[in-house]
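Participant: Need the 3D shape of this:
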Amino acid sequence: MDTIAALKAKIQRDIAKENTKRPQHRSIATTNTAMVNRSRLPGNIMKSTAPGPRPTSAQVKVEEGFGEPGPSSNSSVRFRGPAKDALSRKSRSSLDDRIEEFSEIVREHYGVVELGDPTSSSDDDITVIGRIVTDSETADGTLSKLAESSVSLEASRANGGSRIALRFDPALTIRGGPQGAGGLGLFPGSIVALKGKNGGGGWFLVKEILSLPPLKPSSSSIKSEIKADPENESAPFSMYVACGPYTPDADLSYKPWRALVKTLEAAKPAVTLLLGPFIDVQHPKIKTGDIDIPPADLFRSLIIKPLKAYLDANPGSIAILVPSVRDIISTQAVYPQGELGVEYTASDPRIHLLPNPACFSINDITFGVNSVDVVYHLRKGELQIRGKEIDSIPDNYGADAMANTCRHLLQQRSFYPLFPVPFDVSHEVNLSVSHLDGLGLSEDNNSAPDVLILPSRLKQFSKLVHATTAINPSFLSKGTFAKIIVNPSGDVASMERINVEIAKLDA
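Facilitator: Next up, the predicted model:
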């Protein structure tokens, strides 16, 4: 018994000793103060503390609008956490939101009652919605180009949120696509509607692809309206469109730009639309610093000054400027990108500064413009899937490769539907995933623009895609630009009023 009593007393002493070693857990005060257990600090830290009154706590201030509000206004450190409001949470799930958005579109367009989870085994065919991804990597660890053997589908969180490999049935059908296309292009980031089943083999067998319905023709409801003729919204007007670079790589003479100004002075269009880059950060002389003038002054003297002189000589004309992610004069290098600063134009009301990309309207015609070469990027990342056409939509450009590339933008309802950016062109655009809502093709994201400006290094073109006129004016440094003539409204559709000419600069 004595032995048991001694053992019990020893255990109690050990427990008491352990409790004295543990840090005392205190309830966290509502003042967000961090209590410091000074007994656990190394002795040399305590010895080096300067004499004087000891602070009892270290207060941490959380800036207003980020996380929980902080209590102290005289804090020496500040914590900035992610905002907890609903809008900020929505932006962090933008990629998932796009899948949910298209789920509703597909349900309504095809009369689908229920969408399934592609990762769940089933005996019957189901309809699924998801984003195309590739899980294949190259030797250096980067994602490889999309291939039929490596294409996968990522579902939304509402339908499992997992990825599953896709296999395409040899008798694959494509429903609701453009007549004559003979297939459908897939690319990383594209939202797709598929019909098939998961038989339990670790992949989803695609038997049918449901083409996404295109945006409806524009109702000219865009708020950012610029009127060429304030008295008559349906009045005819002319627009000249030029895209940078505005000077060849060999020099900074801006000879193509000066030639365009002379063309403007002779033709006197009501609207001049200029897309960057204006002062190209990729220009050899800019990259090496072989200039004596600051880029901002170069922009004012070479671009803004002659532009204002032209507007002074042609009262009633207006100019629209859209930057590029390659513009050294822009304060933003991410995409979507904000407009140029008003300090460059001194807030001249005749010069409208728009973001990149941008939607606007001239009188009753709506425009969408984008200075990123999305056409080339889509062509680089696209995988063509062949299939039998069902319920095809009549289209004069159904078999046209460039028209079908532009069609992706209208079906995906985005100026840049790729994600991630193809690796070999990733240096050209720094895509901001948290601002994907800035890539919508219209303000209501329900109607297509009448005109879509898509400058590209690929050959210049003008194509009618559904009810939208898609234009690639190429680059002014290559000697080409676009002339757009909009005729009076009358009783014809907008697309029948728009005439486009890809013109060459006068030698």
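Participant: Tell me where the model's unsure across the stretch 1-150 of the chain.
Facilitator: 1-93, 136-143 (pLDDT under 70).
Participant: 50 instead, please
Facilitator: Within the stretch 1-150 of the chain, the stretches with pLDDT under 50 are 1-4, 7, 19-92.
Participant: hey, which helix or strand in the chain has the poorest pLDDT?
Facilitator: strand 78-79 (a mean of 21; mean pLDDT, DSSP states H and E).
Participant: Please name the strands paired to the longest strand along the chain in the sheet, noting orientation.
Facilitator: When the chain is parsed with DSSP state E, its longest strand is strand 163-175. Using DSSP bridges, strand 163-175 pairs in its sheet with strand 151-154 (antiparallel), strand 203-210 (parallel), strand 388-390 (parallel).
Participant: For Y335, find the nearest of those strands.
Facilitator: strand 151-154 (22.3 Å; C-beta to C-beta). To be clear about C-beta, it is placed using only N, CA and C from the backbone, and glycine gets the same treatment.
Participant: who touches that closest one?
Facilitator: Around strand 151-154, the neighbours that count as contacts under C-beta atoms under 8 Å, 6 or more residues apart in numbering are 118, 128, 130-135, 161-166, 186, 192, 194, 204, 383.
Participant: Could I have the buried ones of the residues you listed as ChimeraX selection syntax?
Facilitator: Buried residues among these (16 or more other C-beta atoms under 10 Å), as a ChimeraX selection:
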select :118,128,130,131,132,133,134,163,164,166,186,192,194,204,383
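Participant: how about the CA coordinates for the longest strand of the chain, as CSV?
Facilitator: This file holds the C-alpha atoms of strand 163-175, laid out as CSV (Å, rounded to 0.1, in the frame of the first residue of the first chain):
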residue,chain,number,x,y,z
ARG,A,163,-11.1,16.5,-63.2
ILE,A,164,-11.6,13.5,-65.4
ALA,A,165,-9.9,12.5,-68.7
LEU,A,166,-12.0,12.6,-71.8
ARG,A,167,-12.3,10.0,-74.6
PHE,A,168,-14.2,10.8,-77.8
ASP,A,169,-16.5,8.2,-79.3
PRO,A,170,-15.6,7.3,-83.0
ALA,A,171,-19.2,8.2,-83.8
LEU,A,172,-19.0,11.6,-82.1
THR,A,173,-21.7,14.1,-83.1
ILE,A,174,-21.7,17.9,-82.8
ARG,A,175,-25.0,19.6,-82.2
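Participant: From the chain's centroid, how far away is that strand?
Facilitator: The chain centre lies 28 Å from the centre of strand 163-175; the measure is C-alpha atoms, centre = their mean, to the nearest Å.
Participant: Show me what counts as buried in stretch 336-347.
Facilitator: Here stretch 336-347 shows P336, Q337, E339, L340, Y344, T345 as buried, counting by 16+ other C-beta under 10 Å.
Participant: Skip the chain neighbours and tell me the closest residue to S489.
Facilitator: Closest residue in space to S489, ignoring its immediate chain neighbours: S234 at 3.7 Å, by C-beta to C-beta, 6 or more residues apart in numbering.
Participant: so that neighbour touches D364, yeah?
Facilitator: Yes - using C-beta atoms under 8 Å, S234 is in contact with D364, at 5.2 Å.
Participant: Need the overlap of contacts for the two.
Facilitator: Here S234 and D364 share the contacting residues S489, scored by C-beta under 8 Å, 6+ apart.
Participant: Among those two, which residue is more densely surrounded?
Facilitator: A direct count of neighbours by other C-beta atoms under 10 Å for S234 and D364 places D364 higher, at 19 against 16.
Participant: okay, that one: pLDDT?
Facilitator: Looking at D364, its pLDDT is 89.
Participant: Pull the contacting residues for the residue nearest to S489.
Facilitator: Listed by C-beta under 8 Å, 6+ apart, the contact partners of S234 are N363, D364, P488, S489.
Participant: swap in M402?
Facilitator: M402 touches V375, L458, F461, K463, A470, N472, counting by C-beta under 8 Å, 6+ apart.
Participant: could I get those as JSON lines with neighbour count?
Facilitator: Compiled in JSON lines, these are given as follows (neighbours: other C-beta atoms under 10 Å):
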{"residue": "V375", "neighbour count": "22"}
{"residue": "L458", "neighbour count": "16"}
{"residue": "F461", "neighbour count": "19"}
{"residue": "K463", "neighbour count": "21"}
{"residue": "A470", "neighbour count": "26"}
{"residue": "N472", "neighbour count": "27"}
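Participant: Which ones among those residues map onto helices?
Facilitator: Members of these lying in helices (criterion: DSSP state H): V375.
Participant: From the contacts of M402, pick the one nearest A319.
Facilitator: Closest to A319, out of all of the contacts of M402 and judged by C-beta to C-beta, is N472, at 21.0 Å.
Participant: Just list whatever residues bridge to that closest one.
Facilitator: F461.
Participant: Could you do G183 as well?
Facilitator: Applying DSSP bridges to G183 gives these bridge partners: R386.
Participant: Confirm for me that it is in contact with I174.
Facilitator: Yes - using C-beta under 8 Å, G183 is in contact with I174, at 6.8 Å.
Participant: so can I have a markdown table of the contacts of S234 showing secondary structure and distance to D391?
Facilitator: Formatted as a markdown table, the contacts of S234 follow (DSSP: H, G, I helix; E, B strand; the rest coil; distance: C-beta to C-beta, whole Å):
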| residue | secondary structure | distance to D391 |
| --- | --- | --- |
| N363 | coil | 36 |
| D364 | coil | 32 |
| P488 | coil | 36 |
| S489 | coil | 33 |
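Participant: which of those count as buried?
Facilitator: Among these, the ones that count as buried by 16+ other C-beta under 10 Å are N363, D364, S489.
Participant: Look at the residue nearest to S489 and give its secondary structure.
Facilitator: Following DSSP: H, G, I helix; E, B strand; the rest coil, S234 is assigned to coil.
Participant: about what we covered before: would you format the contacts of S234 as CSV with distance to F415 included?
Facilitator: What follows is these, written out as CSV (distance: C-beta to C-beta, whole Å):
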residue, distance to F415
N363, 23
D364, 22
P488, 30
S489, 27
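Participant: D312: which of the residues you listed is nearest?
Facilitator: N363 (23.3 Å).
Participant: For the closest one, give its distance to S434.
Facilitator: Using C-beta to C-beta, to the nearest Å, N363 is found at 35 Å from S434.
Participant: what do you get for A155?
Facilitator: Using C-beta to C-beta, A155 is found at 21 Å from S434.
Participant: who's more crowded, the two?
Facilitator: A155 (24 against 14).
Participant: Assign S361 to helix, strand or coil.
Facilitator: Under three-state DSSP, S361 falls in the strand class.
Participant: what about it, how many neighbours?
Facilitator: Other residues within reach of S361, judged by other C-beta under 10 Å, total 21.
Participant: In this structure it contacts L354, no?
Facilitator: No - counting by C-beta under 8 Å, S361 stays clear of L354, with 11.9 Å between them.
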